[in-house]
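Asker: I need the structure of the sequence given here:
(4 chains)
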Protein chains: 4
Amino acid sequence: MTDLAELYRDLHRHPELAFAETRTAAVAARELRAAGFAVAENVGGTGVVGALRSGDGPTVLLRADMDALPMAERTGLPYASAVDGVMHACGHDMHVTCLIGAAARLAERRDWSGTVLAVFQPAEEVGGGAHAMIDDGLFDRFGTPDVVLGQHVAPIPAGVVGLRAGPSFAAADTLKITLHGRGGHGSRPEVAVDPVVLAAATVMRLQTIVSRETAGGDTAVVTVGAIRAGTVANIIPDTAELHVSVRTYEARVRERVLSAIERVVRAEAQASGADRDPEIVLETSFPTVVNDADAVERTRPAFDGVAAVVDPGPVTGSEDVGVFATAAGAPLVYWLLGGADPAAFAGAGTFDELREVVMTLPANHSPLFAPVIDPTIDLGVSCLTNTARAWLRQD
Amino acid sequence: MTDLAELYRDLHRHPELAFAETRTAAVAARELRAAGFAVAENVGGTGVVGALRSGDGPTVLLRADMDALPMAERTGLPYASAVDGVMHACGHDMHVTCLIGAAARLAERRDWSGTVLAVFQPAEEVGGGAHAMIDDGLFDRFGTPDVVLGQHVAPIPAGVVGLRAGPSFAAADTLKITLHGRGGHGSRPEVAVDPVVLAAATVMRLQTIVSRETAGGDTAVVTVGAIRAGTVANIIPDTAELHVSVRTYEARVRERVLSAIERVVRAEAQASGADRDPEIVLETSFPTVVNDADAVERTRPAFDGVAAVVDPGPVTGSEDVGVFATAAGAPLVYWLLGGADPAAFAGAGTFDELREVVMTLPANHSPLFAPVIDPTIDLGVSCLTNTARAWLRQD
Amino acid sequence: MTDLAELYRDLHRHPELAFAETRTAAVAARELRAAGFAVAENVGGTGVVGALRSGDGPTVLLRADMDALPMAERTGLPYASAVDGVMHACGHDMHVTCLIGAAARLAERRDWSGTVLAVFQPAEEVGGGAHAMIDDGLFDRFGTPDVVLGQHVAPIPAGVVGLRAGPSFAAADTLKITLHGRGGHGSRPEVAVDPVVLAAATVMRLQTIVSRETAGGDTAVVTVGAIRAGTVANIIPDTAELHVSVRTYEARVRERVLSAIERVVRAEAQASGADRDPEIVLETSFPTVVNDADAVERTRPAFDGVAAVVDPGPVTGSEDVGVFATAAGAPLVYWLLGGADPAAFAGAGTFDELREVVMTLPANHSPLFAPVIDPTIDLGVSCLTNTARAWLRQD
Amino acid sequence: MTDLAELYRDLHRHPELAFAETRTAAVAARELRAAGFAVAENVGGTGVVGALRSGDGPTVLLRADMDALPMAERTGLPYASAVDGVMHACGHDMHVTCLIGAAARLAERRDWSGTVLAVFQPAEEVGGGAHAMIDDGLFDRFGTPDVVLGQHVAPIPAGVVGLRAGPSFAAADTLKITLHGRGGHGSRPEVAVDPVVLAAATVMRLQTIVSRETAGGDTAVVTVGAIRAGTVANIIPDTAELHVSVRTYEARVRERVLSAIERVVRAEAQASGADRDPEIVLETSFPTVVNDADAVERTRPAFDGVAAVVDPGPVTGSEDVGVFATAAGAPLVYWLLGGADPAAFAGAGTFDELREVVMTLPANHSPLFAPVIDPTIDLGVSCLTNTARAWLRQD
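Answerer: Numbering: from 1, shown residues only, chains lettered A, B, ... in the order given. This next block holds a predicted model:
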């Protein structure tokens, strides 16, 4: 059987950006075939579907996302990214590895009836991957699942699973904002409209949407993840670009935040005396990930003996895994898979102490993010395998 | 004789960045040789020197700078830049063209004794070009000049020359500032230190150096020409980069501004709770351009019949032309050459009215900057030719 | 019997600031005596305690706070404040009125055994009132209560009560921050250190504590309620003063916010080049109000037939009512009393629709805040009377 | 004869605000009468005019302003202000003292023919005092002067006078800006519009008017001298107030700055989502003070033997003394009177060294401003006496 730790290191070393996960997809397809799955490639771009039918019974969709992030790795690991400026900083390589392992185990021991769909999705980070697979006929071609299961590795201790009923991951919206100034020589700002100052004032003002326009009891996160203007010191550029990420759980909060962003951006352009209105493009929208309460209860015992289950509260991260469930009309059960070295938590007894340790660890999207291979892979494989069995017909 | 308008359009179409002006240099060398000058190439990198000796007499250095800017042209001209993201937005193509024309004219009509040095300098925009030529033995190899002459095209009417004794162009310093935050997932700012917010707060605070720490009667310009952080909306990056340009006329003001920038940058990093101090690198320093008062008076009559001479006041733009004069121990006379269509100024009688029109025209470093070819080239050639003659021995 | 509506209007017309509630206290004492209570005045400054013992049984403390706010009323009501710059904008006049009414009703119908303590507390808004009464021997002199009950009028519909177990009102800290600049003539900022700009930069930076340093799932509110610097346009003042209010529910969040405020304030002073460190004084600290879960369950039926009970979630407002419970070692039950005209909510069926209406109404501390007299007083009296009976021995 | 040092200390101890200078005016009137002047009081409010005619000849207007500033003195001097929150921080007490002394000397030694008008003007700081006296018939009642002379004490060495032809003091405009938010409880910013944040963002943005919209060669100073909002930490107020002072020399710069202020203020209110537009009131406008070039040349020798005359460049401070000259159609000669202890300048030989020392001294409008009594009074009296004689007919 494939050495999953080696496979993981190989994937980590070769991260691929959204919709370009060709190497990763080939690995997944190869392993699925080796395990006896019927395999379809290029579903929704670079997506891969493996189907294993074993008699009549429910259809269980197990999902892993494959894409990496456009950032430079700084872990210094022997198996660190070999691709400049691209990194598996969100652990999708771990998701792929665990699903490959679970597919093999389920194929090996057929103490179940039904159909397992192993779905390797492209482009989760930029959104659109789940939609692309569905639009490409995922359910028409392979059947509509009765449940959607999946996991996300997180900097909580390996051996712990975070699971909750109801809203679990936030809605996420991504905006691209182009601010128009008027370029000129760096020494003559008085004949220009400086888009760098405009962008800075806008970023400062955007902070007030969370600090002043969101109630204490509501949740909103507004992050300007990227700001770009100009090339050299002595040219005032024409434009500045902001890339903004918004996280919310409730539609009413989301609407207020999005509308406040527009109000602030337009007004700041006016404050600068800009000749031209800013452009605000809603690039992606992830809905809230909502775990089905009944399905969570049904699934929960499957973690017994594998991991301790805690309620992490709603997480401000976002996911498009819910798109599969919504489109299928099936319940979703999606959990956080602990990937941090348990040794780091030595002496942390209470929940608050654990939390304090988590705060000190490199989080997802950090250039230092690095789950421990052992026992994370093994536990992740078990979580998928056991939860799938909980939904398949037991013979 | 070479069609200078055609030569100008060709240079404009093929802009080259600092220290990469090989094509431009080849054109200059070819034309100098055609005119009968002794030519040396690759002086201080891509610099070109043409020397024409005609009996005993003073040595006059005529200087043109050759490099273009890293910005996309938006003039829509038929001869607009054919190089993506590079543009002659500062008119150095005009400087090269006029000096080629003047060299030819001076060679043609030898009613003078002495030596003409036609110096085509690389890398004015990023600084370093004049120093590089001097360090490469410019004066040792070609003689030390008795005067340094040069011109810069500007959006004042063609037919007008701006000339003043004393400080004429500002000192310019360029700083690269790296602000260190701590990256993370865009949904979890609380475990990151957001360098985008840090950069924005810093830019806003830097404004106060001019507005609050510079006396009304002093001059300082602080421009953040470029700001860069992050790649996508949902990753908080590790760092942000600012490129800052500072213009001043007096050492005391310059020192206060540079020290205030450092104070603000360091304190804002502390306000963000950054773990690591910012890095502040002084990348280039241009000294103030000071025209010699006596030399200006001696040169002034040379413009009679060519252009009306006005005092434009000190200009906040910067130049390294003064480096030649300082190194040679020779006086400098450097003027603004009107390059704007006189038709644009119809009806503008007073100085203030002219000024109002100038404010509406695309300035140097604008993606729309475009001097009129006729009569600018002809006047620019005459200015160089006549002022050179004013310093050569008249036979 | 006293006309409670008239009494309320009289109190509203004569608001008194913290620890100066002498007229209000006299009204409370008069009415308590009329109802047959033993009355002590000047307990903890201007506090009033009425005790009514009726056989053996538990001691129930009913609490109302008396102080008004330093703000100008703008309701335009016929009974609006007659005191310039002072207003009952937080509804303490309603609390006093309802407790007077409940004391009378409990005295009138003695179907209970035990002791009722009617506590009229000074100085809730500025903190310190509850502590002052306890320090003045409240429990030693009048007995230690078995339960502490109280209510706060809020802009939810009259007929609705907001009640929850656990953390109900936030911890509140009040800071006074003095920023030191260096004064001077308004025309010469370069020889001054402008504290107005320093204060503005600080306020903008303080926003990032909530927007960037508080997790989406945690609650923190940081409000700069007052900013003061300077007297006239052309003098740069020496100092600026900020008054900051902080709301949190958890100690860990509170500590991070308070420490971030200090970090930001000190760093911004350095960014301004201030000669002297800012002063940060923690003026008041209210602890979180935590309702006892068992006591809430025991009390809940007492609202039947009076008001619909909803869970408002944790409220970011703060209260020192919990100080009585903590000092007594007794459970606390504290609820929101609906005071908004139910007509305003016509057509609002769902919780979200109700919430939308609430958002449009003048909230506590608004110069327009005005509970409806009828039926709020009657319901508030019933709530206090019935909940008290639920804890007294029923005969 | 009156002891002028004692008189100065007395005036300094009893500062009076604009249009309330009744005690100061009484002192001036008393001393003028004692010197033999015909005196009129209450001219333009609290203004005082003394006229001394001595045969035919020119009329010379000598002007002193009388009002103090609303700020607390911190000099610690034995004769420091005895009035809380009011201080002679601009030296008008010195102006009054010197004019009293000069009037006495001119009366004493009548080696001249003509008329001396000693004008003690109210309300220079807030503007309006000069206009008020003219509107009250100053010239109709006392004659139109042939020249207007005056002086302002400054932190340059005693023994030095600053005098220049042309624009000498800046135009000054004072704006009162009211920003409308929507008040509420400090814990519920989401139902309020926070005017403190709005004010802070506005102050930060106003900095960019000087830093980005004013050319390096132009002069503008924009000072927010006062900011006021709110009373306590836990109430979000309804409004915030800014008091802004603007200094410029040229009409074109002034217009751009004033229009940019309006643009910024209105746009920032929109960025906050304010329901109501800000109010911007232009409270006072001082014109530029322009010394007549011919009159300066004629007056200059009068300083010989009294003080060294330097050109201080245009000063960003403002004055309404020019209103007298403009209204009279007479030339103005207005100078800076050195009032700093010469000992402080020991070792400072060059102009730049002197300047460095000046930068360290408390400037006008500082709570520490304190001219040295000796020799400032004596020199100030001589300056006024000698320059007056230079314009009177010499017998």
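Asker: so for stretch A:326-340, what's the average pLDDT?
Answerer: For stretch A:326-340, mean pLDDT is 95.
Asker: Give me the distance between the two termini of it.
Answerer: 31 Å (CA to CA, to the nearest Å).
Asker: Kindly report the same for stretch A:327-343.
Answerer: So stretch A:327-343: terminal residues 41 Å apart, CA to CA.
Asker: mind listing what's buried in it?
Answerer: Within stretch A:327-343, the residues scored as buried using 16 or more other CB atoms under 10 Å in any protein chain shown are A:327-328, A:330-341. No exception for glycine: its C-beta is placed from N, CA and C like everyone else's.
Asker: can you check stretch A:62-80 too?
Answerer: Residues of stretch A:62-80 classed as buried: A:62-75, A:79-80 (neighbour count, 16+ other CB under 10 Å).
Asker: Next: stretch A:137-153.
Answerer: A:138-139, A:142, A:145-153.
Asker: Including distance to chain C, secondary structure and pLDDT, could those go into CSV?
Answerer: Formatted as CSV, the buried residues of stretch A:137-153 follow (distance: CB to the nearest CB, whole Å; DSSP: H, G, I helix; E, B strand; the rest coil; pLDDT from 0 to 100):
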residue, distance to chain C, secondary structure, pLDDT
A:Leu138, 31, helix, 96
A:Phe139, 33, helix, 96
A:Phe142, 36, helix, 95
A:Pro145, 30, coil, 97
A:Asp146, 31, coil, 97
A:Val147, 27, strand, 97
A:Val148, 24, strand, 97
A:Leu149, 24, strand, 98
A:Gly150, 22, strand, 97
A:Gln151, 20, strand, 97
A:His152, 16, strand, 96
A:Val153, 19, strand, 96
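Asker: can you tell me which of the residues you listed are up against chain D?
Answerer: Near chain D, taking CB under 8 Å from any CB of the partner chain as the test, no member of those is found.
Asker: could you redo the residues you listed as CSV and give each row distance to A:Ser245?
Answerer: As requested, these are arranged in CSV below (distance: CB to CB, whole Å):
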residue, distance to A:Ser245
A:Leu138, 27
A:Phe139, 30
A:Phe142, 32
A:Pro145, 29
A:Asp146, 33
A:Val147, 30
A:Val148, 24
A:Leu149, 27
A:Gly150, 22
A:Gln151, 23
A:His152, 17
A:Val153, 20
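Asker: For the residues you listed, work out which two are farthest apart.
Answerer: A:Phe139 and A:Val153 (26.7 Å; CB to CB).
Asker: And chain A, what are its domain boundaries?
Answerer: A:4-169+A:288-394, A:171-285 (automatic domain parsing).
Asker: can I get the buried residues of stretch A:137-153 in TSV with distance to chain B?
Answerer: Output for the buried residues of stretch A:137-153, formatted as TSV (distance: CB to the nearest CB, whole Å):
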residue	distance to chain B
A:Leu138	25
A:Phe139	28
A:Phe142	30
A:Pro145	27
A:Asp146	30
A:Val147	26
A:Val148	22
A:Leu149	23
A:Gly150	18
A:Gln151	17
A:His152	11
A:Val153	13
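Asker: Helices along chain A, start to end?
Answerer: Ranges of helices in chain A, per DSSP state H, are A:4-13, A:22-35, A:92-108, A:129-135, A:138-142, A:195-213, A:251-271, A:293-299, A:321-328, A:351-360, A:373-391.
Asker: deepest of the ones you listed, which one?
Answerer: helix A:195-213 (a mean of 27; mean count of other CB atoms under 10 Å in any protein chain shown).
Asker: pLDDT (mean, whole number) over that one?
Answerer: Rounded mean pLDDT across helix A:195-213 is 98.
Asker: who does it touch, helix- and strand-wise?
Answerer: Under the contact criterion of 3 or more CB pairs under 8 Å, 6 or more residues apart in numbering or on different chains; DSSP states H and E, helix A:195-213 touches strand A:171-180, strand A:220-229, strand A:239-248, helix A:251-271, helix B:195-213, strand B:220-229, helix C:195-213, helix D:195-213.
Asker: Next, format those as a markdown table and append distance to A:Trp112.
Answerer: Formatted as a markdown table, these follow (distance: least, CB to CB, whole Å):
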| stretch | distance to A:Trp112 |
| --- | --- |
| strand A:171-180 | 35 |
| strand A:220-229 | 40 |
| strand A:239-248 | 37 |
| helix A:251-271 | 39 |
| helix B:195-213 | 49 |
| strand B:220-229 | 50 |
| helix C:195-213 | 48 |
| helix D:195-213 | 59 |
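Asker: Out of these, the one nearest C:Leu32 is which?
Answerer: For these, proximity to C:Leu32 was assessed by CB to CB; helix D:195-213 is nearest, at 41.1 Å.
Asker: can you state the direction angle for that closest one and helix A:195-213?
Answerer: 180 degrees (axes from the mean of the first three to the mean of the last three CA atoms, to 10 degrees).
Asker: which among the buried residues of stretch A:62-80 gets closest to B:Pro375?
Answerer: Using CB to CB, the buried residues of stretch A:62-80 come closest to B:Pro375 at A:Pro70, 51.1 Å.
Asker: Lowest-scoring secondary structure element of chain A by mean pLDDT?
Answerer: helix A:351-360 (a mean of 75; mean pLDDT, DSSP states H and E).
Asker: CA atoms only for that helix, dumped as PDB, please.
Answerer: Presented in PDB, the C-alpha positions along helix A:351-360 are these (Å, rounded to 0.1, in the frame of the first residue of the first chain):
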ATOM      1  CA  PHE A 351     -10.000  24.800  27.300                       C
ATOM      2  CA  ASP A 352      -8.700  28.300  27.900                       C
ATOM      3  CA  GLU A 353      -5.200  27.000  28.300                       C
ATOM      4  CA  LEU A 354      -5.500  25.000  25.100                       C
ATOM      5  CA  ARG A 355      -6.700  28.100  23.400                       C
ATOM      6  CA  GLU A 356      -3.800  30.100  24.600                       C
ATOM      7  CA  VAL A 357      -1.400  27.500  23.000                       C
ATOM      8  CA  VAL A 358      -3.400  27.500  19.800                       C
ATOM      9  CA  MET A 359      -2.900  31.300  19.600                       C
ATOM     10  CA  THR A 360       0.900  30.800  19.600                       C
END
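Asker: So which residues make contact with that helix?
Answerer: A:155-157, A:310, A:340, A:344-345, A:347-348, B:190-191, C:252 (CB atoms under 8 Å, 6 or more residues apart in numbering or on different chains).
Asker: related to what we said a few turns ago, which of the helices of chain A has the lowest average pLDDT?
Answerer: Looking at the helices of chain A, the bottom one is helix A:351-360 with a mean of 75.
Asker: contacting residues around A:Arg164?
Answerer: Taking CB under 8 Å, 6+ apart, one finds A:291, A:296, A:311-314 in contact with A:Arg164.
Asker: Apply 10 Å and report the result again.
Answerer: Applying CB atoms under 10 Å, 6 or more residues apart in numbering or on different chains to A:Arg164 gives the contacts A:291, A:293, A:296, A:309-315, A:334-336.
Asker: In a markdown table, list those along with distance to chain D.
Answerer: Formatted as a markdown table, the contacts of A:Arg164 follow (distance: CB to the nearest CB, whole Å):
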| residue | distance to chain D |
| --- | --- |
| A:Asn291 | 28 |
| A:Ala293 | 29 |
| A:Val296 | 31 |
| A:Val309 | 34 |
| A:Val310 | 31 |
| A:Asp311 | 27 |
| A:Pro312 | 26 |
| A:Gly313 | 21 |
| A:Pro314 | 19 |
| A:Val315 | 23 |
| A:Tyr334 | 30 |
| A:Trp335 | 32 |
| A:Leu336 | 30 |
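Asker: In TSV: these, plus distance to A:Asp275.
Answerer: As requested, the contacts of A:Arg164 are exported to TSV (distance: CB to CB, whole Å):
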residue	distance to A:Asp275
A:Asn291	49
A:Ala293	53
A:Val296	54
A:Val309	57
A:Val310	54
A:Asp311	52
A:Pro312	48
A:Gly313	46
A:Pro314	43
A:Val315	42
A:Tyr334	47
A:Trp335	51
A:Leu336	48
